[in-house]
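**Q** following is a predicted model, sequence given first.
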Amino acid sequence: MTPDGYNYKNLPLSQSLDENILNIRRILNNTSDLRVNDFEVSGIKCSLLCLEGMVSTDVISKLILNPLTAVKLPDDVTPPQLFKHFNSRMLLGIDRPVLIFYGDLIQRLMSGFALILVDGMDSALGMGVQGYASRGVQEPSSEGNIYGSHDGFVEIVRSNMSLVRRRIKSPFMRFSLFSVTKISSVDVVVAYMADRVPKSFVEKVRRKLKDMDIEAILSSGYVEPFLNDTKLSFFSGVSVTERPDVFCAKILEGRVGVLIDGTPFALVLPALFIENFQTLDDYAFRPYYTTFVRWIRYLAFFAAVFLPAFYVSTVTFHPELFNHTLLVTLAEAEELTPLPLVLEALFVLVFYEIIREAGVRLPKSVGGAVSIVGGLIIGDAAVAAGIISNPMLLVCAISVTASFVVPSLNQPVTVLRFITVITGGLLGLYGVALTAAVMLVNICSLESSGAPVTSPLSPFTPRSMRDVLTRTGFKQMGGKPAWIERLTGVHISHEEDRA
């Protein structure tokens, strides 16, 4: 509906070319980027419409304008015959939808299509000649790897579809593209393997996307809450990835992926908690080394969440846990600081978050200077002034560095670190243990699209443990069924897909 109350979405086109052009200008409120090119073929008035900057000038000149100027038909040709000639006899584009409603016409026009309207026809011919400015395929910025591919998703959803298709050349690989949101009509794609995912699950995801009550999608974070079944939890049942190879690996495991036009981050569901500790390089390294590195990640997660709280609680309430030499060293260091340990830890952690946020938001040319000034100069000055102690700074630095090992859990780790420090400073190790128990219960109670987030640890699946705490070779992991079938107990056969 336009600002003046004109409801056009289900309104059919008129046979009058002038009326159609007038209605399109009214719907778009005479926007400056609308281009209307009038021409005649065999005495019949026609118009070529496009939005400036949304179409490729070279493509539209070679594939549309030049062929249209060369059309030679008898003078007694009728509008239906001319329209059929354009659609059937001239290859003006690979994607040539016939549009009969203004809603579909405006949607295609704003997606980079050129439109041909013929006087006397109540339909329009669309041609996919998109050519808007876009970023080329580059290495992902948020997920590094050593042996994996170095191409990542981009903002153009159709380019992302091609990156997936290059890796999964199977007739069961399906893409379902449709538009969502009320105002912006953003294109989203539901990607899945038809022989491994229940149709009911795919339809459930599609329904959630179509029922989203938002006006626009400017990042994947707009969509994630609508797909996430987990509530009142720090952890999500939807994973986010910028890597096509990771996306394809999860699709092959029976997951459903969502690609969104305008963002390079794809969503995959259901997501499992253990996937945060797995990387693509794990399957390129030797199994023994992968097992070692994976345990390092588990250790880093616990250090990131609990190390500052453990230090604060033990020094404050349980100093007998330290040997005499270490206890004397810590006591001498903390004796000179004016703040209680819990406030000192919170001060250091908040200061780090300020530096990190400043480094992220500032331009890259000055982001490094923030780290140097904040981490070295201010940190050293704070220790020299006796505001914070060296042991506390070291403990918080180790915790913060450990959080970088599992970047997908950065958000929950950051908040949980503060919570555990507060409970540890108030209740000692009992508070830390209580917080850990609450966190564990919360994770175990979560489900993502019917699959327990803690799978395959709980419920325990022995066969799947070959790729959790350790990783066996590919020969031993061969023949593993799709995750969604194993976790939900639903078997999808090829016959069901054909039906």
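**A** Structure received. This is a predicted model, so every value here is computed, not measured.
**Q** neighbours of the closest residue to Phe285 other than its chain neighbours, how many?
**A** Using C-beta to C-beta, 6 or more residues apart in numbering and skipping the chain neighbours, the partner closest in space to Phe285 is Val293 (7.2 Å). Where you see a C-beta, it was placed from the backbone N, CA and C, and this is true even at glycine. Neighbourhood size, Val293 [other C-beta atoms under 10 Å]: 16.
**Q** ok, Val406 next?
**A** Other residues close to Val406 by other C-beta under 10 Å number 17.
**Q** what about it, distance to Ile443?
**A** For Val406, the distance to Ile443 (C-beta to C-beta, to the nearest Å) stands at 14 Å.
**Q** what sits against Val36?
**A** Ile21, Ser47, Leu48, Leu49 (C-beta atoms under 8 Å, 6 or more residues apart in numbering).
**Q** would you list the strands that the host helix or strand of the second one pairs with, along with their directions?
**A** In other words, Ser47. Ser47 is part of strand 44-51, with elements assigned from DSSP states H and E. Sheet pairing of strand 44-51 (DSSP bridges) gives strand 34-41 (antiparallel), strand 113-118 (antiparallel).
**Q** show me which positions of that strand end up buried.
**A** Using 16 or more other C-beta atoms under 10 Å as the test for burial, strand 44-51 gives Ile44, Cys46, Ser47, Leu48, Leu49, Cys50, Leu51.
**Q** also stretch 189-207?
**A** By 16+ other C-beta under 10 Å, the buried positions in stretch 189-207 come out as 189-198, 201-202, 205-206.
**Q** so for the residue nearest to Phe285, what's the pLDDT?
**A** pLDDT for Val293: 89.
**Q** just to be sure, it is in a strand?
**A** No - the assignment for Val293 by DSSP: H, G, I helix; E, B strand; the rest coil gives helix, which leaves it out of any strand.
**Q** now it: how far from Thr181?
**A** Taking C-beta to C-beta, one finds Val293 at 41 Å from Thr181.
**Q** repeat for Ser123
**A** According to C-beta to C-beta, Ser123 stands 26 Å off from Thr181.
**Q** so where is the stretch 51-200 of the chain shaky, pLDDT-wise?
**A** Scanning the stretch 51-200 of the chain for pLDDT under 70 picks out 133-134.
**Q** which parts of it are strands?
**A** Assigned by DSSP state E, counting those that start in this stretch, the strands in the stretch 51-200 of the chain fall at 98-99, 113-118, 124-128, 173-180, 186-193.
**Q** could you dump those strands into a markdown table with distance to Phe474 added?
**A** What follows is these, written out as a markdown table (distance: least, C-beta to C-beta, whole Å):
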| stretch | distance to Phe474 |
| --- | --- |
| strand 98-99 | 49 |
| strand 113-118 | 45 |
| strand 124-128 | 41 |
| strand 173-180 | 22 |
| strand 186-193 | 20 |
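**Q** for Val350, which of those strands is the nearest?
**A** For the strands of the stretch 51-200 of the chain, the distance to Val350 is smallest for strand 186-193, at 36.7 Å, taking C-beta to C-beta.
**Q** give me the angle between the closest one and strand 173-180.
**A** 160 degrees (axes from the mean of the first three to the mean of the last three C-alpha atoms, to 10 degrees).
**Q** neighbouring strands for strand 186-193, and are they parallel or not?
**A** Using DSSP bridges, strand 186-193 pairs in its sheet with strand 173-180 (antiparallel), strand 256-260 (antiparallel).
**Q** please state the offset of the first one from the chain centre?
**A** Going by C-alpha atoms, centre = their mean, to the nearest Å, the spacing between the C-alpha centre of strand 173-180 and its chain's C-alpha centre is 16 Å.
**Q** got the buried residues for it?
**A** Met173, Arg174, Phe175, Ser179, Val180.
**Q** put the alpha carbons of that strand into PDB.
**A** Provided in PDB are the C-alpha atoms of strand 173-180 (Å, rounded to 0.1, in the frame of the first residue of the first chain):
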ATOM      1  CA  MET A 173      19.900 -30.100  -3.400                       C
ATOM      2  CA  ARG A 174      16.900 -27.700  -3.400                       C
ATOM      3  CA  PHE A 175      16.700 -23.900  -3.200                       C
ATOM      4  CA  SER A 176      13.300 -22.300  -2.300                       C
ATOM      5  CA  LEU A 177      13.500 -18.500  -3.000                       C
ATOM      6  CA  PHE A 178      10.700 -16.200  -1.900                       C
ATOM      7  CA  SER A 179      10.200 -12.700  -0.500                       C
ATOM      8  CA  VAL A 180       9.500 -11.800   3.100                       C
END
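**Q** okay, the buried residues of strand 44-51 in TSV with distance to Leu109 next?
**A** Shown next, in TSV, are the buried residues of strand 44-51 (distance: C-beta to C-beta, whole Å):
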residue	distance to Leu109
Ile44	22
Cys46	16
Ser47	12
Leu48	12
Leu49	7
Cys50	7
Leu51	6
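**Q** who's in contact with the residue lying closest to Leu105 once chain neighbours are set aside?
**A** Spatially, and ignoring its direct neighbours in sequence, Leu105 is nearest to Leu99 (4.6 Å; C-beta to C-beta, 6+ apart). Going by C-beta under 8 Å, 6+ apart, Leu99 touches Leu13, Leu105, Arg108, Leu115, Ser123, Ala124, Leu125, Gly126.
**Q** from these, which is closest to His150?
**A** Checking the contacts of Leu99 against His150 with C-beta to C-beta, the nearest one is Arg108 at 34.3 Å.
**Q** how's this protein carved up into domains?
**A** 17-128, 157-282, 291-448 (automatic domain parsing).
**Q** now do the SS call for Thr325.
**A** Under the three-state scheme (three-state DSSP), Thr325 adopts helix.
**Q** and for it, the neighbour number?
**A** Counted with other C-beta under 10 Å, the neighbours of Thr325 add up to 8.
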